[in-house]
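K.L.:
give me a 3D structure for the following:
(2 chains)
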Amino acid sequence: EAGVAQSPRYKIIEKRQSVAFWCNPISGHATLYWYQQILGQGPKLLIQFQNNGVVDDSQLPKDRFSAERLKGVDSTLKIQPAKLEDSAVYLCASSFRIVGHEQYFGPGTRLTVT
Amino acid sequence: GQSLEQPSEVTAVEGAIVQMNCTYQTSGFYGLSWYQQHDGGAPTFLSYNALDGLEETGRFSSFLSRSDSYGYLLLQELQMKDSASYFCAVRPNTGTASKLTFGTGTRLQVTL
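P.N.:
Numbering: from 1, shown residues only, chains lettered A, B, ... in the order given. Here you go, the predicted structure:
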(Lines give C-alpha, C1' and ligand atoms only; values in the text may rest on other atoms or scores of the structure.)
Protein backbone atom coordinates (compact mmCIF):
# COMPACT_ATOMS: atom_id res chain seq x y z
CA GLU A 1 0.00 0.00 0.00
CA ALA A 2 1.20 3.50 -0.74
CA GLY A 3 2.45 5.53 2.20
CA VAL A 4 1.68 9.07 3.28
CA ALA A 5 2.65 11.52 0.56
CA GLN A 6 3.83 15.06 1.21
CA SER A 7 5.01 17.90 -0.98
CA PRO A 8 7.15 19.81 -1.34
CA ARG A 9 10.06 18.05 0.38
CA TYR A 10 12.00 21.26 0.88
CA LYS A 11 11.04 24.91 0.94
CA ILE A 12 13.05 28.06 1.58
CA ILE A 13 11.20 31.35 2.08
CA GLU A 14 11.85 34.75 3.58
CA LYS A 15 10.17 35.85 6.77
CA ARG A 16 6.74 37.39 6.31
CA GLN A 17 6.14 35.31 3.17
CA SER A 18 3.49 32.61 3.00
CA VAL A 19 3.89 28.90 2.34
CA ALA A 20 1.62 25.88 1.95
CA PHE A 21 2.25 22.19 2.44
CA TRP A 22 0.21 19.34 1.02
CA CYS A 23 -0.45 15.87 2.41
CA ASN A 24 -2.21 12.81 1.06
CA PRO A 25 -2.78 10.15 3.72
CA ILE A 26 -2.90 6.40 3.32
CA SER A 27 -6.10 5.36 1.57
CA GLY A 28 -8.86 4.62 4.04
CA HIS A 29 -7.25 6.42 6.97
CA ALA A 30 -9.86 8.71 8.49
CA THR A 31 -7.54 10.46 10.94
CA LEU A 32 -4.90 12.90 9.74
CA TYR A 33 -2.32 14.78 11.79
CA TRP A 34 0.08 17.65 11.17
CA TYR A 35 3.17 17.81 13.36
CA GLN A 36 5.97 20.35 13.67
CA GLN A 37 9.43 18.97 14.45
CA ILE A 38 12.13 21.44 15.36
CA LEU A 39 15.70 20.17 15.00
CA GLY A 40 16.69 18.03 17.97
CA GLN A 41 13.16 17.74 19.36
CA GLY A 42 10.28 15.32 19.13
CA PRO A 43 7.31 15.99 16.86
CA LYS A 44 4.69 18.34 18.28
CA LEU A 45 1.06 17.96 17.19
CA LEU A 46 -0.34 21.04 15.50
CA ILE A 47 -3.74 19.82 14.35
CA GLN A 48 -5.71 16.59 14.07
CA PHE A 49 -8.57 15.86 11.68
CA GLN A 50 -11.16 13.10 11.78
CA ASN A 51 -12.47 12.90 8.23
CA ASN A 52 -12.96 16.60 7.36
CA GLY A 53 -13.56 17.82 10.91
CA VAL A 54 -11.01 19.27 13.33
CA VAL A 55 -10.60 17.15 16.46
CA ASP A 56 -7.75 19.02 18.13
CA ASP A 57 -6.01 22.27 17.18
CA SER A 58 -5.04 23.40 20.66
CA GLN A 59 -1.34 23.78 19.74
CA LEU A 60 -1.86 25.45 16.37
CA PRO A 61 -0.76 29.13 16.29
CA LYS A 62 -4.00 30.24 14.73
CA ASP A 63 -2.85 33.81 14.10
CA ARG A 64 -0.55 32.55 11.36
CA PHE A 65 -1.23 28.85 10.77
CA SER A 66 -4.29 27.35 9.11
CA ALA A 67 -5.16 23.89 7.87
CA GLU A 68 -7.99 22.28 5.98
CA ARG A 69 -9.13 18.86 4.86
CA LEU A 70 -12.14 19.76 2.79
CA LYS A 71 -13.08 16.38 1.32
CA GLY A 72 -11.81 14.24 4.15
CA VAL A 73 -8.84 12.96 2.17
CA ASP A 74 -5.86 15.20 1.43
CA SER A 75 -4.98 18.21 3.52
CA THR A 76 -3.17 21.53 3.27
CA LEU A 77 -1.28 23.36 6.01
CA LYS A 78 -0.55 27.05 5.47
CA ILE A 79 1.67 29.55 7.25
CA GLN A 80 1.06 33.24 6.66
CA PRO A 81 3.17 35.21 7.47
CA ALA A 82 6.15 33.03 8.30
CA LYS A 83 8.56 33.79 11.13
CA LEU A 84 12.14 32.66 11.62
CA GLU A 85 11.05 30.32 14.43
CA ASP A 86 8.80 28.43 12.00
CA SER A 87 11.90 26.79 10.51
CA ALA A 88 11.25 23.10 11.13
CA VAL A 89 10.16 19.87 9.49
CA TYR A 90 6.42 19.61 9.03
CA LEU A 91 5.26 16.03 9.23
CA CYS A 92 1.92 14.66 8.16
CA ALA A 93 0.67 11.38 9.61
CA SER A 94 -2.45 9.28 9.34
CA SER A 95 -4.09 6.43 11.20
CA PHE A 96 -6.99 4.13 10.44
CA ARG A 97 -8.86 4.87 13.62
CA ILE A 98 -9.01 7.90 15.88
CA VAL A 99 -7.92 5.70 18.77
CA GLY A 100 -5.21 3.90 16.82
CA HIS A 101 -1.89 3.88 18.61
CA GLU A 102 0.09 3.40 15.40
CA GLN A 103 0.48 6.43 13.20
CA TYR A 104 2.04 6.39 9.75
CA PHE A 105 4.22 9.37 8.93
CA GLY A 106 5.08 10.97 5.63
CA PRO A 107 8.62 12.06 4.71
CA GLY A 108 7.97 15.63 5.84
CA THR A 109 8.61 19.07 4.41
CA ARG A 110 11.75 20.82 5.62
CA LEU A 111 11.00 24.54 5.87
CA THR A 112 13.73 27.13 6.19
CA VAL A 113 12.69 30.70 6.91
CA THR A 114 15.43 33.29 6.30
CA GLY B 1 -0.13 17.95 31.02
CA GLN B 2 2.44 15.44 29.92
CA SER B 3 6.23 15.46 29.85
CA LEU B 4 8.51 12.65 28.75
CA GLU B 5 12.25 12.68 29.33
CA GLN B 6 14.83 10.62 27.52
CA PRO B 7 18.65 10.59 27.56
CA SER B 8 19.86 12.73 24.68
CA GLU B 9 22.50 10.34 23.34
CA VAL B 10 23.58 6.71 23.68
CA THR B 11 26.52 4.96 22.02
CA ALA B 12 26.81 1.18 21.71
CA VAL B 13 28.86 -1.36 19.81
CA GLU B 14 27.56 -3.45 16.92
CA GLY B 15 26.20 -6.77 18.18
CA ALA B 16 25.61 -5.47 21.70
CA ILE B 17 22.38 -4.79 23.59
CA VAL B 18 21.23 -1.27 24.41
CA GLN B 19 18.45 0.02 26.63
CA MET B 20 16.92 3.46 26.11
CA ASN B 21 14.86 4.83 28.95
CA CYS B 22 11.80 7.03 29.07
CA THR B 23 10.50 8.62 32.25
CA TYR B 24 7.24 10.46 32.15
CA GLN B 25 4.91 12.68 34.10
CA THR B 26 1.33 12.47 32.94
CA SER B 27 -2.07 12.58 34.50
CA GLY B 28 -3.13 9.41 32.73
CA PHE B 29 -2.60 7.69 29.43
CA TYR B 30 -3.70 4.73 27.34
CA GLY B 31 -0.29 3.41 26.42
CA LEU B 32 3.36 4.08 25.65
CA SER B 33 4.59 3.98 22.05
CA TRP B 34 8.06 3.93 20.55
CA TYR B 35 9.10 5.40 17.21
CA GLN B 36 12.36 5.25 15.28
CA GLN B 37 13.54 8.13 13.10
CA HIS B 38 16.61 8.08 10.88
CA ASP B 39 18.21 11.40 10.00
CA GLY B 40 16.08 13.12 7.39
CA GLY B 41 13.48 10.37 7.55
CA ALA B 42 9.98 9.89 8.83
CA PRO B 43 9.23 8.47 12.28
CA THR B 44 8.24 4.82 12.05
CA PHE B 45 6.28 2.89 14.63
CA LEU B 46 8.21 0.25 16.59
CA SER B 47 6.22 -0.89 19.60
CA TYR B 48 3.31 -0.18 21.92
CA ASN B 49 2.65 -1.07 25.57
CA ALA B 50 -0.92 -0.76 26.76
CA LEU B 51 -0.22 -2.80 29.89
CA ASP B 52 2.70 -3.12 32.27
CA GLY B 53 5.32 -5.62 31.24
CA LEU B 54 7.42 -6.55 28.27
CA GLU B 55 6.40 -6.59 24.60
CA GLU B 56 8.76 -8.31 22.17
CA THR B 57 8.98 -7.83 18.41
CA GLY B 58 12.03 -9.47 16.90
CA ARG B 59 15.17 -7.67 18.07
CA PHE B 60 13.09 -4.93 19.72
CA SER B 61 11.45 -5.15 23.15
CA SER B 62 9.59 -2.46 25.05
CA PHE B 63 8.76 -2.34 28.73
CA LEU B 64 6.31 -0.29 30.77
CA SER B 65 5.89 0.17 34.51
CA ARG B 66 3.06 2.56 35.34
CA SER B 67 3.81 2.43 39.06
CA ASP B 68 7.34 3.69 38.38
CA SER B 69 6.31 6.12 35.56
CA TYR B 70 8.97 4.49 33.48
CA GLY B 71 9.47 2.62 30.28
CA TYR B 72 12.32 1.49 28.08
CA LEU B 73 13.13 0.22 24.62
CA LEU B 74 15.62 -2.64 24.36
CA LEU B 75 17.50 -3.35 21.15
CA GLN B 76 19.40 -6.61 20.82
CA GLU B 77 22.07 -7.68 18.32
CA LEU B 78 22.68 -4.08 17.36
CA GLN B 79 23.30 -3.32 13.70
CA MET B 80 24.76 -0.22 12.10
CA LYS B 81 21.37 0.53 10.57
CA ASP B 82 19.92 0.94 14.07
CA SER B 83 21.74 4.28 14.36
CA ALA B 84 18.81 6.67 14.59
CA SER B 85 16.76 8.71 17.04
CA TYR B 86 14.23 6.91 19.20
CA PHE B 87 11.18 8.63 20.66
CA CYS B 88 8.77 7.48 23.31
CA ALA B 89 5.23 8.86 23.15
CA VAL B 90 2.07 8.66 25.21
CA ARG B 91 -1.60 8.90 24.38
CA PRO B 92 -3.35 10.74 27.21
CA ASN B 93 -6.71 9.43 28.32
CA THR B 94 -8.10 12.92 28.65
CA GLY B 95 -9.38 14.93 25.73
CA THR B 96 -8.69 13.60 22.25
CA ALA B 97 -8.02 9.90 22.46
CA SER B 98 -5.14 9.55 20.07
CA LYS B 99 -3.20 12.78 20.51
CA LEU B 100 0.37 11.58 20.83
CA THR B 101 2.82 13.56 22.95
CA PHE B 102 6.42 12.75 22.09
CA GLY B 103 9.47 12.69 24.32
CA THR B 104 12.70 14.54 23.70
CA GLY B 105 14.27 11.59 21.88
CA THR B 106 17.47 9.55 22.29
CA ARG B 107 20.02 9.58 19.52
CA LEU B 108 21.62 6.12 19.23
CA GLN B 109 25.02 5.78 17.63
CA VAL B 110 26.12 2.24 16.80
CA THR B 111 29.87 1.83 16.34
CA LEU B 112 32.09 -0.98 15.10
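
K.L.:
alpha carbons only for contacts and neighbour counts from here, please
P.N.:
OK.

K.L.:
can you name the next helix or strand after the helix or strand hosting residue A:78?
P.N.:
Take DSSP states H and E as the rule and residue A:78 turns out to sit in strand A:75-79. Scanning forward in sequence from strand A:75-79 by DSSP H and E, the next helix or strand is strand A:88-95.

K.L.:
residues making contact with that following strand?
P.N.:
Identification of contacts with strand A:88-95 by CA atoms under 8 Å, 6 or more residues apart in numbering or on different chains yields A:4, A:6, A:23, A:25-26, A:29-39, A:43, A:102-112, B:42.

K.L.:
list the pairing partners of it within its sheet, with orientation.
P.N.:
strand A:31-37 (antiparallel), strand A:104-105 (antiparallel), strand A:109-113 (antiparallel) (DSSP bridges).

K.L.:
of all the ones you listed, which lies closest to residue A:81?
P.N.:
strand A:109-113 (10.6 Å; CA to CA).

K.L.:
lowest-scoring secondary structure element of chain A by mean pLDDT?
P.N.:
strand A:53-56 (a mean of 91; mean pLDDT, DSSP states H and E).

K.L.:
that one vs chain B: in contact?
P.N.:
Yes - residues of strand A:53-56 contacting chain B under CA under 8 Å from any CA of the partner chain: A:55, A:56.

K.L.:
what's that strand packed up against?
P.N.:
strand A:44-50 (3 or more CA pairs under 8 Å, 6 or more residues apart in numbering or on different chains; DSSP states H and E).

K.L.:
which residues of chain A lie near chain B?
P.N.:
A:40-45, A:48, A:55-56, A:91, A:98-108.

K.L.:
still on that earlier bit, the least confident helix or strand of chain A pairs with which strands, parallel or anti?
P.N.:
When DSSP bridges is applied, strand A:53-56 pairs with strand A:44-50 (antiparallel).

K.L.:
in the sheet, who's paired with residue 88?
P.N.:
Just going to use chain A. In beta-bridge terms (that is, DSSP bridges), residue A:88 pairs with residue A:111.

K.L.:
please go with chain B instead
P.N.:
Applying DSSP bridges to residue B:88, the residues it is bridged with are residue B:34.

K.L.:
these two touch, right, it and residue B:32?
P.N.:
Yes - between residue B:88 and residue B:32 there is a contact under CA atoms under 8 Å: 6.8 Å.
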